[in-house]
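Trainee: this one's sequence-less:
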């Protein structure tokens, strides 16, 4: 990473502590990513993004803020980026994927909650994430108990706007979510001083749909046997989607897909088992499960997660001549995401079974971040449904530490031999 | 307990497994309750209720059902009992307070979720709770991730109606809860065939308010120094409130309060530290913390929990000439409960500080059932507020097992010495 010490100081970061992270990340990335053979050329851009993750992108945010722009941080696929773009703000997904932040998080949160929540809280209170420091506001949501209550603590450090996500999917719940989107529009207008117009909202929708299309194109290419891109690389692209400039991200991902299309023409069987990962999100730099699985004779070809299909499936319609109609379109698209936070959540079972077919999957790994209750309990339903369909399933519950890496490897190995 | 084998068989219970529970409970109750000195005479009724907990009361339910009546099971202080009574159904709080049910619960639920949720699920799938077997329907709510998702599993065993509790307390959330109450009225009307009328609903409200008044009277008496009733006995009365016939419960609790009023006239100082318990509910027969604390030189004088003040504080107004007005009154009263499931939940801080004063409390014990995220995270806010007020606070996170009893005793002892 370049020399950004001055910028980090201006952002009131804990430079000394942050240096530890800056030293560890390139090594981790090198070991996991750069040792892969025959990677697409176009992944160089994404390598660069990681190398500059706390540098170049932050400079862009700071430059934008100096020009009067606003930056808001988000954590969840339910926060409508369309609105953020429509008010000319920049939205960034925040730091939450590293064990590095856990220690600080546990200073004010219980140890036995999900590592993602402990990590982002630790990143903020430890002053070791420049994205947090750049943000004018955080947008939270009530998707789970741990996040819902963590916002209250976070709000003491940085302004947080919480969107109340309904817990069911009845028509009245979609209306409730419409209303939450309208409240969010007002809040973003206040923050930025920019009014949302039909035009700006349609443009925001177009950009978000563009990201969805690019990711969908990459995922469609992974349906080939073998996949023209590793699961690790595809995961990295998805992770970068959350914080990169959206228009540049679309361009670079489309370039990658062009290259992958060429590769598809000369694919040769590699004998690898095709794996789906389903469950909880993998925030940057959480590459733990993918690196274990792809270190064995397997490739991950699809992630039914918030850093996978749930992020890009279904577009927001731009049909309509009023803001209310567009808000309705957004509400419908977002409420169609099959997150375990809903009860019931039958759509997720259908999605998984559909993807097994579409992606020609040999076995499914249920990835559950420790102490994530909604996904952990929903496992029972998914397991039952997959058993009826004779689809092999392995459950892995884990956090960000390296302690159980050996054990997970042994279990995945046994699973691969079985399927 | 009398001979109810035939009834339990008819209820399709696992008699052999249930016998183990039936043998253990009287011994546990004897050790904890009957060894207390100088108990109020009127506690005999509550002793009887526990002795007959799976017998006499179940016979009443079965008799009522034979006459065409309906029984619904509930788990939460947010479920409006007024509606259940207005449709001439019987509502009962369900089994969820014993370690006995955990093993069965863990067969289909993750181990690392709250013991209360594992216990009620285990009680149902293990066929060892006659209340569950008597129920025509269960009423769930979306108060926490674990319960929200457990209902989906429960619904495969017994019909479950889930009420979506809002997660915030804005005006629109109160309206949402009104709507959930209306949906619940419809469901109860369907189940029972009895229409809710202004008169039946007002009568239901009166009965529920009567329970609240009786419990409030008992709690007010505990404000005396020393309290004329032990924390253990008061807890038992609160626990019995959830499953007993409401009118009989009111009568027996008022009788108890009459006796306590007499006692107050001749109270002598006992030198015991006065303790408040705040946090998660203690379902029958969970007497673990109370028996530890009152085995030492202390008395528990108030519980800011769902089996304490949150159950009885604030009455539902009967003012209004339409069902809609009464529904509004109910929604307002229930949405005024300060449960950690809401964000934010500032009212709870105020309640605790107010009770410290009103009940002349020397120290507060924060009781957190293991893996209950909302209360565990909210601890941080409560701790901060109590520190500012110089109120001593001890956090105990525990489940239903006996393994940590010694450790908790040591910690409470140290706490009592300190305050």
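Mentor: Thanks, I have it. Source: prediction; values computed, not measured. Numbering: from 1, shown residues only, chains lettered A, B, ... in the order given.

Trainee: give me the element the closest residue to residue A:315 other than its chain neighbours is part of.
Mentor: Once flanking residues are discounted, residue A:315 sits nearest to residue A:209: 4.4 Å by C-beta to C-beta, 6 or more residues apart in numbering or on different chains. No exception for glycine: its C-beta is placed from N, CA and C like everyone else's. In the assignment (DSSP states H and E), residue A:209 maps to helix A:198-221.

Trainee: show me what that helix packs onto, helices and strands only.
Mentor: With contacts defined as 3 or more C-beta pairs under 8 Å, 6 or more residues apart in numbering or on different chains; DSSP states H and E, helix A:198-221 has these neighbours: helix A:81-86, helix A:231-241, helix A:246-264, helix A:309-312, helix A:323-334.

Trainee: one more time with 6 Å, if that's ok
Mentor: Helices and strands touching helix A:198-221, by 3 or more C-beta pairs under 6 Å, 6 or more residues apart in numbering or on different chains; DSSP states H and E, are helix A:81-86, helix A:246-264, helix A:309-312.

Trainee: once you drop chain neighbours, what's closest to residue A:224?
Mentor: residue A:264 (5.2 Å).

Trainee: now residue A:170: how far from chain B?
Mentor: 8 Å (C-beta to the nearest C-beta, to the nearest Å).

Trainee: which stretches of chain A have low pLDDT?
Mentor: A:1-2 (pLDDT under 70).

Trainee: what about the strands in chain A?
Mentor: A:71-74, A:90-93, A:137-141, A:160-163, A:273-279, A:298-304, A:363-369, A:393-398 (DSSP state E).

Trainee: what about residue A:79, neighbour count?
Mentor: 25 (other C-beta atoms under 10 Å in any protein chain shown).

Trainee: quick one: contacts for the residue in the stretch 151-300 of chain A that chain B sits nearest to?
Mentor: Going by C-beta to the nearest C-beta, chain B is nearest to residue A:167 of the stretch 151-300 of chain A, at 4.6 Å. Counting by C-beta atoms under 6 Å, 6 or more residues apart in numbering or on different chains, residue A:167 makes contact with B:142, B:164.

Trainee: what are the buried residues along stretch A:106-113?
Mentor: A:106, A:108, A:109, A:110, A:112, A:113 (16 or more other C-beta atoms under 10 Å in any protein chain shown).

Trainee: what does the stretch 251-400 of chain A have sitting close to chain B?
Mentor: Where the stretch 251-400 of chain A comes near chain B, counting by C-beta under 6 Å from any C-beta of the partner chain, the residues are A:343, A:344, A:373, A:374, A:376, A:377, A:378, A:380.

Trainee: count the residues that sit near the last one.
Mentor: One way to gauge burial is a neighbour count; for residue A:380, by other C-beta under 10 Å, it gives 18.

Trainee: hang on, residue A:228 packs against residue A:263?
Mentor: Yes: between residue A:228 and residue A:263 there is a contact under C-beta atoms under 6 Å: 4.0 Å.

Trainee: looking at those two, which one has more neighbours?
Mentor: residue A:228 (22 against 17).

Trainee: what sits against that one?
Mentor: Counted by C-beta under 6 Å, 6+ apart, residue A:228 has contacts A:221, A:260, A:263, A:264.

Trainee: and residue A:336, what does it touch?
Mentor: If you count contacts by C-beta under 6 Å, 6+ apart, then residue A:336 has residue A:314 around it.

Trainee: quick check: it vs chain B, distance?
Mentor: When residue A:336 is compared with chain B (using C-beta to the nearest C-beta), they lie 18 Å apart.

Trainee: phi, psi of that residue?
Mentor: Phi and psi for residue A:336, reported as degrees, to the nearest 10, are phi -90, psi 0.

Trainee: close to chain B: what parts of the stretch 51-200 of chain A are there?
Mentor: Counting by C-beta under 6 Å from any C-beta, the stretch 51-200 of chain A sits next to chain B at A:108, A:110, A:113, A:142, A:144-146, A:148-149, A:152-153, A:164, A:167-168.

Trainee: what's the residue positioned nearest the centre of chain A in contact with, if anything?
Mentor: Central residue of chain A (C-alpha atoms, centre = their mean): residue A:307, 3.4 Å from the mean position. Listed by C-beta under 6 Å, 6+ apart, the contact partners of residue A:307 are A:238, A:281, A:282.

Trainee: quick check: it vs residue A:121, distance?
Mentor: Separation of residue A:307 from residue A:121 (C-beta to C-beta, to the nearest Å) stands at 19 Å.

Trainee: then residue A:305?
Mentor: For residue A:305, the distance to residue A:121 - C-beta to C-beta - is 21 Å.

Trainee: hang on, the earlier thing: residues of the helix holding residue A:209 that come out buried?
Mentor: Neighbour-count burial for helix A:198-221 flags A:200-202, A:204-205, A:207-219, A:221 (criterion: 16+ other C-beta under 10 Å).

Trainee: from the residues of the stretch 251-400 of chain A next to chain B, which is closest to residue B:390?
Mentor: residue A:373 (35.5 Å; C-beta to C-beta).
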